[in-house]
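no sequence for this one, just the structure:
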Ligand SMILES: Cc1cc2nc3c(=O)[nH]c(=O)nc-3n(C[C@H](O)[C@H](O)[C@H](O)COP(=O)(O)OP(=O)(O)OC[C@H]3O[C@@H](n4cnc5c(N)ncnc54)[C@H](O)[C@@H]3O)c2cc1C
Ligand code: SF4
């Protein structure tokens, strides 16, 4: 029998970026918040020994324990879904701070076009431009409405960046100057300028100077240590919940974090949630935490899992298109790329930072004309200077084997002579790309795992091919001796190779309860004291990393929760 | 390898021969049966012998002993890793870098037992498409056991010798290629290319992981790539146009601080 604990105002299922933001905002307003987090407490001191490529980047020290929980995957309904048994395509974090600890910090706002993608596509190209099966829809909110929340996230984290020079792009004033210019970013910028594009420095959440945010939190500048993505930052320079929002919430004395505790269910009857059921994994004991508001903040995947296993909302049915929980799962089309090998140049590639880079947005969103193209939306094309760690980076010219004498000689020779341009592409939603519960495989508690049914479509293949060509064009202009181009022969989605942890959709927001789960405050249509902020709310994915938009939506949800606590009922 | 290490190894070789002689196990230079005999596998030419086994008996590095492999598996994997990452003009190969110790130690722990991976059935290795990833019920320890056995069986069938006994580089390459290209059938739960891919990535890891893991001896892997390892900051070098080579540092430097 579960023990019922004293009631709180707000309970969070998961304490990462979303949970941290909600906790800070509402405790500042005087509300009591309980955060249930399955992983352990994490502090900056933990990363004293962090410069270990094997432990963190290859053995995934900071990621969820897959033995306890994973997802299953198939390309289509005819295949048998099988578990994602070892890490590959995406990595999901665990512990206080969540994936916000080991992210890169590449921090972009989605475009005005993204939030109204359906309307704007129809307006410019007509309805017929949207292919059959593409479940494109507007978000139920506009960029202008979200702008103040973006500004809040930018100021809280201290983003470093410069204005985007592309005509028509939103002009953002970042609180800190951009990251360092290196010979790598410079070369990229010169080449893309020559080709008529509009390069700029990637907006970064690796601090560029000592910074004190509006909450009074001071952090120091990034040291370009080269062990950033997949690693925790030993300087606190990378914005993460544990060096920003969580200490702010804790200081109020109103935030209670319970670690090693897994939420299994949101408890609800008749459209009202009463709290969550969780297990303390150190004692094995079950608890019920009652609350006035339940926030599901367990990362995109587990947000869906918690809703489905709790029987909250209507599960999506790909046959009829009815129901919305699990609908519009999308990802990131990231395989259009070009690797350049330079015989004559050597770069200091061993150092870098998670969000040190330059890019062009010329081929993202609807900045370019799609009338004659066989895909919608696009990609941002970037070069990064992250720190080329030696296990993962072994580039050789096309045609050289992946082992043996020649491989060794070439991979050693090109270690500091290889640059990569990658196109981070958008991902459109499709009727038959979706998430539901797996009928066979279970997690450590016996609850069903999520089942992902997902594959690339011609939209994605055409987009990646186009972007591969653009990337190669720039790389040639940069003077590479050999250019290895990617994106030409994309067949099926491959879960083995890391692409990005930018999983989106499944608990989407919108203006219509028939086709979405959440309203524009991330409040459930079907259960008005449950809020589900996260990338799960995205109806499609843009050509940018998700977290700035996730953060803005979390600030919006925090405002909604406060409104709800005061007035009750549906906020829209 | 530094000269100091080499001297120590030679010394170790000598003392082992002394041990063998004193223990009465040899008759006219031939070692007789039993665990010790097969372990040392003494050849008549004593120089070749010490070159062959100096790693195994080195007393200078307590990290160099076996946690998982049998001595024979050790030799096969040492030869395999050296074929994947051979000694060349640009620097040491897997053998000199101690990669096989790295692989041995990794197999003995969490990685070898897939403890942080979803290993709950049912398993359908034959029905899975490659894009679904790892689908065998076999853990990496078993993958290596079967892989090594099969490599040696295949090598014996083709060339009448175990893999580690092959003399010609081309023969070794031919065998590994057949494994890489799935030309050899292992069993219904394990393909030869799957074993090869794990072996290859483990070899690369052993070349470049921090030396505390047993490979990358003397940071020799890093030195080849001019990778400086653990450094506190690169703020002052990253903007430079010229390549800046730095003396590498392992995490041990941080631990001593
Ligand atoms: C390697 C890597 C690089 C990335 N780089 C970038 C980048 O450059 N830019 C960008 O915008 N985004 C990036 N991301 C994505 C970014 O990390 C996420 O978008 C962001 O962290 C999402 O916030 P969240 O609060 O939804 O989830 P998280 O921050 O992951 O937090 C979710 C928390 O919930 C906990 N949890 C889950 N299930 C339960 C449960 N049942 N019970 C209790 N607790 C639970 C988890 O342990 C976790 O702590 C990257 C991600 C990875 C892995
Ligand atoms: S690169 Fe900068 S932000 Fe990233 S971990 Fe190192 S010091 Fe921190």
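In hand now; what should we look at? If you're wondering where the values come from, they're calculated on a predicted model, not measured in any experiment. Ligands and ions are numbered 1, 2, ... in the order given.

Got phi/psi on residue 220?
Just going to use chain A. Torsion angles at residue A:220 (phi, psi; degrees, to the nearest 10) stand at phi -100, psi 170.

Nearest spatial neighbour of it, chain-adjacent residues omitted?
residue A:210 (5.2 Å; Cβ to Cβ, 6 or more residues apart in numbering or on different chains). In short, each C-beta sits where N, CA and C put it, glycine included.

Number of residues surrounding the one you found?
Burial of residue A:210 is recorded as 12 neighbouring residues (other Cβ atoms under 10 Å in any protein chain shown).

Same check on residue B:181?
Neighbour tally, residue B:181, other Cβ under 10 Å: 11.

residues touching it, list them.
For residue B:181, the contact set (Cβ atoms under 8 Å, 6 or more residues apart in numbering or on different chains) comprises residue B:193.

Let me see the contact set for the closest residue to ligand 2 within the stretch 51-200 of chain A.
Per Cβ to the nearest ligand atom, the residue of the stretch 51-200 of chain A with the smallest distance to ligand 2 is residue A:105, at 6.5 Å. Taking Cβ under 8 Å, 6+ apart, we find residue A:105 in contact with A:204, A:205, A:206, A:228, A:238, A:239, A:353, A:354, A:355.

ok, and which of those residues reach ligand 2?
Contacts with ligand 2 are made by A:206, A:228, A:238, A:353, A:354 out of these, judged by Cβ under 6 Å from any ligand atom.

Scan these and report the most crowded one.
residue A:353 (34 neighbours).

Okay, residue A:120 and residue A:163: tell me how far apart.
23 Å (Cβ to Cβ, to the nearest Å).

where along the stretch 51-200 of chain B do the helices fall?
B:71-84, B:99-108, B:140-159, B:169-180, B:192-208 (DSSP state H, counting those that start in this stretch).

Those helices: which one's closest to residue A:234?
helix B:192-208 (21.2 Å; Cβ to Cβ).

which residues touch whichever helix or strand comes after the closest one?
Once helix B:192-208 ends, the next helix or strand along the chain (criterion: DSSP states H and E) is helix B:220-225. Here helix B:220-225 makes contact (Cβ under 8 Å, 6+ apart) with A:390, A:412, A:415-416, B:90-92, B:96-97, B:207-208, B:215-216, B:227-229, B:248.

list the contacts for the residue nearest to residue A:458 when sequence neighbours are not counted?
With Cβ to Cβ, 6+ apart as the criterion, residue A:458 has its nearest non-adjacent residue at 7.0 Å, and that residue is residue A:374. Each residue near residue A:374 by Cβ under 8 Å, 6+ apart is listed here: A:458, A:459, A:462.

Residue A:56 and residue A:103, how far apart?
13 Å.

Looking at those two, which one has more neighbours?
residue A:103 (27 against 22).

For the more buried one, give me phi and psi.
According to degrees, to the nearest 10, residue A:103 has phi -80, psi 170.

Need phi/psi at whichever residue of chain B sits closest to chain A.
Using Cβ to the nearest Cβ, the closest approach of chain B to chain A is made by residue B:234 at 3.0 Å. Backbone torsions for residue B:234, taken as degrees, to the nearest 10, come to phi -120, psi 20.

quick one on the thing from earlier: out of the contacts of residue A:374, which are buried?
A:459, A:462 (16 or more other Cβ atoms under 10 Å in any protein chain shown).

Centre-most residue in chain B?
The centroid of chain B falls nearest to residue B:100 when counting by Cα atoms, centre = their mean (1.8 Å).

Next one: the nearest residue to that one once chain neighbours are set aside from residue A:30, what distance?
Nearest residue to residue B:100, sequence neighbours excluded (Cβ to Cβ, 6+ apart): residue B:78, at 4.2 Å. Distance from residue B:78 to residue A:30, counting by Cβ to Cβ: 66 Å.

SS state for the spatially closest residue to residue A:568 that is not a sequence neighbour?
Once flanking residues are discounted, residue A:568 sits nearest to residue A:528: 7.8 Å by Cβ to Cβ, 6+ apart. At residue A:528, secondary structure determined by DSSP: H, G, I helix; E, B strand; the rest coil is coil.

Over to residue A:421?
Residue A:421 ends up strand, using three-state DSSP.

nearest residue to residue A:391 other than its sequence neighbours?
Nearest to residue A:391 is residue B:208, by Cβ to Cβ, 6+ apart, at 4.6 Å.

What residues of stretch A:390-409 count as buried?
A:390-391, A:393-397, A:400, A:403-405, A:407-409.

Kindly report the same for stretch A:559-572.
Applying 16+ other Cβ under 10 Å to stretch A:559-572 flags A:559, A:560, A:561, A:562, A:564, A:565, A:571 as buried.

Which elements pack onto whichever strand or helix holds residue A:188?
Element membership for residue A:188, per DSSP H and E: helix A:183-194. Applying 3 or more Cβ pairs under 8 Å, 6 or more residues apart in numbering or on different chains; DSSP states H and E, we find helix A:183-194 packed against strand A:357-360, strand A:379-384, strand A:418-425, helix A:458-477.

touching chain B at all, the first one?
Put plainly, it is strand A:357-360. No - using Cβ under 8 Å from any Cβ of the partner chain, strand A:357-360 never reaches chain B; the gap is at least 12.5 Å.

pretty sure residue A:310 contacts residue A:263?
No - between residue A:310 and residue A:263 there is no contact, the gap being 9.4 Å when judged by Cβ atoms under 8 Å.

neighbour-wise, which of these two wins?
residue A:263 (27 against 22).

Quick check: beta-bridge partners of the closest residue to the more buried one other than its chain neighbours?
Take residue A:263 and drop its neighbours on the chain: the residue closest to it by Cβ to Cβ, 6+ apart is residue A:13, 4.0 Å away. Applying DSSP bridges to residue A:13 yields these beta-bridge partners: residue A:36, residue A:296.

correct me, but residue A:13 touches residue A:295?
Yes - counting by Cβ under 8 Å, residue A:295 is a contact partner of residue A:13 at 7.0 Å.

residues bridging contact with these two, i.e. touching both?
With Cβ under 8 Å, 6+ apart, residue A:13 and residue A:295 have common neighbours residue A:19.
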